[in-house]
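J.: 3D model of this:
(4 chains)
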Protein chains: 4
Amino acid sequence: MSAVDKIVYRPARDELAYTFGGRMPVAHLRSGDVLQVFTEDCFGGLVRGPADLPSQVCRMPYLNPVSGPFFVEDAEPGDTLAVHVVSIVPARDWGISAAFPHFGALTSTTHTATLQPPLEERVWVYGIDRQAGTVRFEATDSDHTIDLPLDPMIGTIGVAPGGFEARSALVPDTHGGNLDTPQLRAGTTLYLGVNVHGAMLALGDAHARQGEGEACGAGIEVAATITFIVDVVKDEPTPWPRLETGTSIMSVGCARPLEDAYRIAHHDLVTWASTLTGLNVLDAYQLVSQIGRALIGNVCDPNYVIVAVADKALPAARAPYGGMHERMRQLATGQR
Amino acid sequence: MSAVDKIVYRPARDELAYTFGGRMPVAHLRSGDVLQVFTEDCFGGLVRGPADLPSQVCRMPYLNPVSGPFFVEDAEPGDTLAVHVVSIVPARDWGISAAFPHFGALTSTTHTATLQPPLEERVWVYGIDRQAGTVRFEATDSDHTIDLPLDPMIGTIGVAPGGFEARSALVPDTHGGNLDTPQLRAGTTLYLGVNVHGAMLALGDAHARQGEGEACGAGIEVAATITFIVDVVKDEPTPWPRLETGTSIMSVGCARPLEDAYRIAHHDLVTWASTLTGLNVLDAYQLVSQIGRALIGNVCDPNYVIVAVADKALPAARAPYGGMHERMRQLATGQR
Amino acid sequence: MSAVDKIVYRPARDELAYTFGGRMPVAHLRSGDVLQVFTEDCFGGLVRGPADLPSQVCRMPYLNPVSGPFFVEDAEPGDTLAVHVVSIVPARDWGISAAFPHFGALTSTTHTATLQPPLEERVWVYGIDRQAGTVRFEATDSDHTIDLPLDPMIGTIGVAPGGFEARSALVPDTHGGNLDTPQLRAGTTLYLGVNVHGAMLALGDAHARQGEGEACGAGIEVAATITFIVDVVKDEPTPWPRLETGTSIMSVGCARPLEDAYRIAHHDLVTWASTLTGLNVLDAYQLVSQIGRALIGNVCDPNYVIVAVADKALPAARAPYGGMHERMRQLATGQR
Amino acid sequence: MSAVDKIVYRPARDELAYTFGGRMPVAHLRSGDVLQVFTEDCFGGLVRGPADLPSQVCRMPYLNPVSGPFFVEDAEPGDTLAVHVVSIVPARDWGISAAFPHFGALTSTTHTATLQPPLEERVWVYGIDRQAGTVRFEATDSDHTIDLPLDPMIGTIGVAPGGFEARSALVPDTHGGNLDTPQLRAGTTLYLGVNVHGAMLALGDAHARQGEGEACGAGIEVAATITFIVDVVKDEPTPWPRLETGTSIMSVGCARPLEDAYRIAHHDLVTWASTLTGLNVLDAYQLVSQIGRALIGNVCDPNYVIVAVADKALPAARAPYGGMHERMRQLATGQR
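T.: Okay, here's the model as predicted:
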């Protein structure tokens, strides 16, 4: 991680990808490279006002486009790709949320299938004030408004899956993908196990903010300019996505039912904490049981997501991945 | 809520209850009464050191004892019982946690039944320093220690269920019970729908602190002296337990699988927020989707628990239950 | 099991029970006694035609009444109660089914909570021809009719739960209860673990027939005259309900999510088969994996039910419970 | 469906596929073609005796190979591919089953993650007597043996998924895949919605027989010679896999948790039955609730599978897909 190139990538519309895996790379990166990437919103930018109902203006499978994939040199199966998020800047002064037919947590869906008709489809347009750092909710049936803190996040980021698979960008799983957790904000380092030569990183689906669980099926969806740094941890595999900030380490579980996402995330956090500290696994289990936080990412995507969090002030813990987060954080300082 | 009596109740061992419902009251309360109740820990105080394995010293169903039930005058089916937690003081200078055979989130259980043998049973003893406000984790297989913030909570509190039922104190459901959420700390008001004449409130199972999800199946279990105030909101039913603090309103869902707990909690929060603000239900759904937090209580009890949280700074919201929380909070000020 | 008394019991309306546990016995039985009991339908007999919408004519918790409980002499905790079903005769020449608001498998419910309105409530009346052995489906929106085989079953049968609990008769669990499996027909022996002195057996909720899963939330609900024999297997506990017929042994699991019901039922069947045959547990697991059937009871009640079935032609198997089923079957021969 | 060519295909080892989608076709077919295909067993033929532990001789992702894909002319998105199974003949005189580490229904897994060690890995070898029509179970820890009926089935069969995806052959979903239901035997017609030009049919993973749910994670796994006929139903989409036999129509749901597989399968069966009969949807829901069977395919794969079954003797029903099953059945008569 010595040389730092800043690479700017803005995909043409027909360069957008809709899967992780199964695509040729759009650019080659080296460890330490800084990327500034434009990402379209989850509707492909086609929903611009209350009359643009997603079910009418969008067409499956052209939802949730990602920019990429980027081939990362030296990334091989068995390694870990580190991605440090430097900044996420909404590209327009508005964002969109919507209630889709048969999609979301408080409706029956294609999978939790019932004979009931769908909820009414509706679009909310949020004004974004980047100076003030706010997004404005405006009710559609009354004149209530409220300004909410702008808290940009990356909804979808991942690498190519293994086993010759190509997965829809709507799916979160071991390869990352549509994780939809607010923890993926600027300052966070994401670790992903590499499954194929070159890792094939792609990302998109930024949100101006999102509640925990993404109940209605959408955050405040925005196009964005996302700046990040990549690096490779050689010969250290990562079974499920992990996150690191200045204060916390986090393990991500993606599954249905939701308790399996909890189990995966906490199994990984307990065994990881055991490795970092030298604590016996049962002792680590006990400690995580008393200090752990369990954040819900989404309860609407094909897999649900839970993020298990532990404070880095674990007894006698060594830095994860050889101190990668701290090095990337310092590198990022000059990039904002 | 005018007259304030302080009633002190310390159960004899054979007065402890193991169910909600099916028991005669131990005392009668009136609205506005302040109670100071001793509660035993979830092991009935029988686990006092590493050699006291719960499966040997405890005997089913004599686990998770509650103190009560208390008959609350004027509480009738269709009303809501309000319980404001004034203080929770650990009664001893130690607390206990344990990994039980086939109980907890990271083991197979009697219900997620597998053919694997159980994890090793083990007891952790935590020293409590009330002056410093800490509890000390000590590893059992190495010499790691770490001081964690003391953050006392009530694990189990509820009323008698309806339908002539009596439910084990291990179960969380519409009547409250073993909710196991850290949100049940001093300063919080709990609202429970009344199912039977007199409500029949009982409580126990205090924790010195607990991680989200209570992964190993136990918090740091303590006997405690719990002080609280009761009141009755007439003619206002409450379908699932709700909480209120100075900054938040919360709805509790109890179910398996965990996504159903999420759905229940958020369905209640959305419809409640709609009532409080006058927002149309779809607008409230949208707003909660962007501002809501979703806290996991436990992923180990017979029902799992999720707490849906919204900031009270909702647009044009009126105070829940006619301002009950604020009145109780003021009443509590003189009681600490 | 020598003396055979035939006891006839027909409850007055106010003798009907709505829980397992928490009730005084209505009669005392001895091993070998034959009982002929009248059971009301799950609506308490109040739905008699298309205009009698359950949500209007029934009132919670007065649903799913059971007749009993019966105190069985010599039945103590740790024993097993055996109940052999001799006959189930519909008491009227009609049966009822219905789609309830927010109840059933293909609708959102109070627990799989969504913001969608309920499906339309509707009542179907089936004519029963006992001579022909048929029940007649008549469509409500067209003139389609079809005669279906009459296949009477007991929907709800159980003992008092342990731990001082009283559970709604709508719930299936370790104590039996609302199992809603078509396997509970004449000729079947049911084994239930005894939790309290006298076992406290109760039953009701007969169906003229039912599909697997009881998708709409109701079978063809009938009042019935049910004849059965009781006996006690001393000192042999039964962890979950079990069934035996001339050809099969079956284990019942009750849980949510549905895979946990599968796990419970198959864990019990594998370990039971291992005990009966002397097969190592892994060998029994393998054998059940290749010969087992997995029948779905219901996917609508508070717990879902799966029945794991193995053919009795297991290698070198001894008769379950000391040959109880065969003895009861012979006793039943004279009773039909 | 006039001309009938019989095409024989036997893949070289390096022609085996491990995904649905993402592969070039190995042959082109026309409607009415008869194919005779060799399929390897799920272990790629590498497990041949008790000492060949799958975790040692097999290597991810080289599990569950399928033969194909076959390009079917005229099959376009929006059409339905019909596959009639003529015969399934085990290719060797032995079959294999196994208990894998952390795979199966009665063990914790990578997703139902616990801290327990795996069950012991073990291989069972079954002798197959095609003359007698039996497979012989031999216990590994004792000398029990039992002959079971040979009942060959196709474990894995599907088309390419849509949305540019390529899915592991271990996964069952809308495109078919690893359905693992014993209903896929000779005489059954399978209907699959076409997602891509040419459909891209592939199949493998035959079982000599399998219990419902495939509890240990494997059937009696065999290489096989499978003969089938293909045809295309133009302009009639099929949302989830469907089956038809001489007596039944069936809808397949693939999901976790298992109740969602139930919901999907029954939602499809109810709406399909409504279309075939002209019954109102609520009437069809009621009828299926009383006559439906619900067969469990597997409770071990990445998605669980339930097959909803209705007798074809529905009132006034017309033949599904214009009588395709009957025509294919007659065509098959000359092929056995």
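
J.: what's the neighbour count on A:P77?
T.: Residues lying near A:P77 (other Cβ atoms under 10 Å in any protein chain shown) number 12. C-beta here means a position set from N, CA and C on the backbone, and glycine is covered the same way.

J.: name the helices or strands packed onto the longest helix along chain A?
T.: The helix that spans the most residues within chain A, counting by DSSP state H, is helix A:258-277. Packing partners of helix A:258-277 (3 or more Cβ pairs under 8 Å, 6 or more residues apart in numbering or on different chains; DSSP states H and E): strand A:248-255, helix A:281-291, strand A:293-296, strand A:304-311, helix B:258-277.

J.: at 6 Å what do you get?
T.: Secondary-structure packing of helix A:258-277 (3 or more Cβ pairs under 6 Å, 6 or more residues apart in numbering or on different chains; DSSP states H and E): strand A:248-255, helix A:281-291, strand A:304-311, helix B:258-277.

J.: please save the CA atoms from the last one in CSV.
T.: So the one you mean is helix B:258-277. Taking Å, rounded to 0.1, in the frame of the first residue of the first chain, the C-alpha atoms of helix B:258-277 are listed here in CSV:
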residue,chain,number,x,y,z
LEU,B,258,-37.2,-13.5,14.6
GLU,B,259,-38.6,-11.7,11.6
ASP,B,260,-42.1,-12.1,13.0
ALA,B,261,-40.9,-10.3,16.2
TYR,B,262,-39.6,-7.6,13.9
ARG,B,263,-43.0,-7.4,12.0
ILE,B,264,-45.1,-7.3,15.2
ALA,B,265,-42.9,-4.6,16.8
HIS,B,266,-42.9,-2.4,13.6
HIS,B,267,-46.5,-3.0,12.9
ASP,B,268,-47.3,-1.7,16.3
LEU,B,269,-44.9,1.2,16.1
VAL,B,270,-46.2,2.3,12.7
THR,B,271,-49.8,2.2,13.7
TRP,B,272,-49.0,3.9,17.1
ALA,B,273,-47.0,6.6,15.4
SER,B,274,-49.8,7.1,13.0
THR,B,275,-52.3,7.6,15.9
LEU,B,276,-50.0,10.0,17.8
THR,B,277,-49.2,12.2,14.8
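
J.: show residues contacting it.
T.: A:106, A:215, A:257-259, A:299, B:240, B:251-253, B:255, B:281, B:284-285, B:288, B:304-306, B:308, B:310, B:314-318, C:111-113 (Cβ atoms under 6 Å, 6 or more residues apart in numbering or on different chains).

J.: which of those count as buried?
T.: A:106, A:215, A:257-259, A:299, B:240, B:251-253, B:255, B:281, B:284-285, B:288, B:304-306, B:308, B:310, B:314-315, B:317, C:111-113 (16 or more other Cβ atoms under 10 Å in any protein chain shown).

J.: ok, back up a step: just send the helices and strands packed on helix A:258-277 back as CSV, with distance to D:E15 and mean pLDDT too.
T.: Output for the helices and strands packed on helix A:258-277, formatted as CSV (distance: least, Cβ to Cβ, whole Å; pLDDT from 0 to 100):
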stretch, distance to D:E15, mean pLDDT
strand A:248-255, 33, 98
helix A:281-291, 44, 98
strand A:304-311, 37, 98
helix B:258-277, 42, 98
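
J.: can you count the residues close to whichever residue of the stretch 1-150 of chain A sits closest to chain D?
T.: Nearest to chain D, among the residues of the stretch 1-150 of chain A, is A:P61, at 3.3 Å (Cβ to the nearest Cβ). When counting by other Cβ under 10 Å, one arrives at 17 neighbours for A:P61.

J.: now it. Nearest residue, chain neighbours left out?
T.: D:G163 (3.3 Å; Cβ to Cβ, 6 or more residues apart in numbering or on different chains).

J.: outline the domain layout of chain A.
T.: A:6-233, A:242-321 (automatic domain parsing).

J.: just checking, A:L53 touches A:P118?
T.: No: A:L53 lies out of contact with A:P118 (Cβ atoms under 6 Å); the separation is 11.8 Å.

J.: by proximity to chain D, which residue of the stretch 101-250 of chain A wins?
T.: For the stretch 101-250 of chain A, Cβ to the nearest Cβ, closest residue to chain D: A:G163, 3.4 Å.

J.: check the gap between that residue and B:G133 for me.
T.: To B:G133, A:G163 is 51 Å away according to Cβ to Cβ, to the nearest Å.

J.: who in the stretch 201-336 of chain A is up against chain C?
T.: Contact residues, the stretch 201-336 of chain A versus chain C (Cβ under 6 Å from any Cβ of the partner chain): A:P257.

J.: chain D contacts on the stretch 201-336 of chain A?
T.: A:A255, A:R256, A:P257, A:D260, A:R263, A:I264, A:H267.

J.: farthest-separated two in these?
T.: Maximum pairwise distance among those (Cβ to Cβ): 16.4 Å, between A:R256 and A:H267.

J.: within the sheet, what are the partner strands of whichever strand or helix holds A:V37, with directions?
T.: Using DSSP states H and E, A:V37 falls within strand A:34-39. According to DSSP bridges, strand A:34-39 forms sheet pairs with strand A:6-9 (parallel), strand A:224-233 (antiparallel).

J.: any chance of the ones you listed in JSON lines, plus mean neighbour count and mean pLDDT?
T.: Listed next are these as JSON lines, based on neighbours: other Cβ atoms under 10 Å in any protein chain shown; pLDDT from 0 to 100:
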{"stretch": "strand A:6-9", "mean neighbour count": "14", "mean pLDDT": "94"}
{"stretch": "strand A:224-233", "mean neighbour count": "23", "mean pLDDT": "98"}
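
J.: now these in CSV, with distance to A:F70?
T.: Below are these laid out as CSV (distance: least, Cβ to Cβ, whole Å):
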stretch, distance to A:F70
strand A:6-9, 8
strand A:224-233, 8
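
J.: report how many residues lie close to the closest residue to A:G45 other than its chain neighbours.
T.: Leaving aside its chain neighbours, A:G45 sits nearest to A:A223 (6.1 Å; criterion: Cβ to Cβ, 6+ apart). Neighbour count for A:A223, taken as other Cβ under 10 Å: 21.

J.: cool, and A:A51?
T.: Using other Cβ under 10 Å: A:A51 sits among 9 other residues.

J.: does stretch A:287-295 come close to chain B?
T.: Yes: interface with chain B: stretch A:287-295 contributes A:L287, A:S289, A:Q290, A:I291, A:G292, A:R293, A:A294 (Cβ under 6 Å from any Cβ).

J.: just say helix, strand or coil for the residue nearest to A:P61.
T.: coil (DSSP: H, G, I helix; E, B strand; the rest coil).

J.: ok, A:V26 to chain C distance?
T.: From A:V26 across to chain C, the span is 40 Å (Cβ to the nearest Cβ, to the nearest Å).
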